[in-house]
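>>> Give me a model of this one.
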Amino acid sequence: MADTVTLLDPRKIKRNTDNPRLIFRKSDLDALQKSISDQGILVPLTVFKEGSGFRLLDGERRWRCATKLGMSHVPVILQPKPARLQNIMMMFAIHHARTDWDPLPTALKLQDLEKEFTKRNGRRPTETELAGLSSMTRGEVRRLKKLLALPEDYRKELLDELNKPKSEQLLTVDHVLEATAAASLLRKRDVVDAHTEDRLRRAIVHKFRTGVIKNTVAPRKLAKLARAVQRKEVPLATAKKVIAELIESPNYDIDEAFRDSVEKIDFEHTLEQQVKRLISGLEEHSRRRYKPSESLVETLRQLVTTVNTVVARP
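Reported below is the predicted structural model:
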């Protein structure tokens, strides 16, 4: 049987504090409010009875707009009151297909879901269980947990940024996560200590904000530097020097740090892997006793000439 739609005074409805969506941008609400003013609420809100009033399960933006418009009644579908664990699970399940959720508020609510599961079961959920509880993939859960591991000041900075109109946002979750991953790997390779790790992360985040660094994944080049230090292809002193410059110089960017430290080694490492694959292919060609085509012979001659030129270079 289809759910029965009834009418309720929006003043008798309260928001659901377990809603993973915390950011409601004014521009989005203004557009929805105009639509509701012109056409009414086309999709009913979903609520459950709580005390003398009702609590939202779905439709907070519609409810906010209706309240602001002073509407006396809104269409609702009444559901049974869930336990808190089920409430959080339902909030995730209702909204998981929506792409406009901001990741940090969602991560904070995922933390509440994990706590409720632990309280009920006496143990923390596995990653697979948490993904099932939140109607998300394990990859999405893993990314959100990385956000929860960020220091409090970074999370606050990101929440402040999320409250701005999208056109005014200069810093994203991905900026902070990429900066964090790069700084963490450099610390593991003893290029930076704990204090310098945070200074580096803060410097990268600041350069994202000011536009000195424009490519979100640019910090991954620092991971190549960390690996080169581990392989002893780049002296530790060289790595420390470019990282210090990256921290101290306002206009020194990651591309410059990469060029000043590991670019040549990284290029040659990639080239070496390509040459090894070529050798393997030629050996396989020989094992199969193929007669080389004229085109292949000519290309190999060009290769020999190029190799001789590179090897002979002082």
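>>> For the stretch 101-250 of the chain, which segments are assigned as helices?
Residue ranges of the helices in the stretch 101-250 of the chain, as given by DSSP state H, counting those that start in this stretch, are 103-121, 127-134, 138-148, 152-162, 173-188, 194-210, 220-230, 236-248.
>>> How about the contacts made by the nearest residue to Leu185 once chain neighbours are set aside?
Leaving aside its sequence neighbours, Leu185 sits nearest to Ala226 (Cβ to Cβ, 6 or more residues apart in numbering; 4.5 Å). C-beta here means a position set from N, CA and C on the backbone, and glycine is covered the same way. Going by Cβ atoms under 8 Å, 6 or more residues apart in numbering, Ala226 touches 182, 185-186, 188-189, 191, 239.
>>> Now list the buried members of those residues.
Neighbour counting by 16 or more other Cβ atoms under 10 Å classes 182, 185-186, 189, 191, 239 among those as buried.
>>> can you redo those residues as CSV with distance to Ile213?
Output for the buried ones among the contacts of Ala226, formatted as CSV (distance: Cβ to Cβ, whole Å):
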residue, distance to Ile213
Ala182, 11
Leu185, 17
Leu186, 16
Arg189, 21
Val191, 18
Ala239, 18
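>>> how many neighbours does the nearest residue to Pro250 once chain neighbours are set aside have?
Using Cβ to Cβ, 6+ apart and skipping residues adjacent in sequence, the residue nearest Pro250 is Val212, 7.1 Å away. Other residues within reach of Val212, judged by other Cβ atoms under 10 Å, total 16.
>>> Could you look up the SS state of Leu57?
Look at Leu57: counting by DSSP: H, G, I helix; E, B strand; the rest coil, its state is strand.
>>> my read: it touches Glu50, true?
No. Taking Cβ atoms under 8 Å as the definition, Leu57 is not a contact partner of Glu50, at 10.9 Å.
>>> So the two - more neighbours on which side?
More crowded of Leu57 and Glu50, by other Cβ under 10 Å: Leu57, with 25 against 13.
>>> roughly how far apart are the closest residue to that one other than its chain neighbours and Pro75?
Sequence neighbours aside, Thr46 is the residue nearest to Leu57 in space, at 4.2 Å (criterion: Cβ to Cβ, 6+ apart). For Thr46, the distance to Pro75 equals 10 Å [Cβ to Cβ, to the nearest Å].
>>> Could you do Arg301 as well?
Counting by Cβ to Cβ, the gap from Arg301 to Pro75 is 78 Å.
>>> Ser261 now?
Distance from Ser261 to Pro75, by Cβ to Cβ: 62 Å.
>>> who's more crowded, these two?
Ser261 (25 against 17).
>>> Can you check the pLDDT for that one?
You'll see Ser261 listed with a pLDDT of 96.
>>> And Gln169, by the same measure?
82.
>>> ok, now Thr99?
Looking at Thr99, its pLDDT is 52.
>>> One more: Leu278?
So Leu278 comes in at 96 (pLDDT).
>>> Wait, a strand at it?
No. Using three-state DSSP, the assignment for Leu278 is helix, not a strand.
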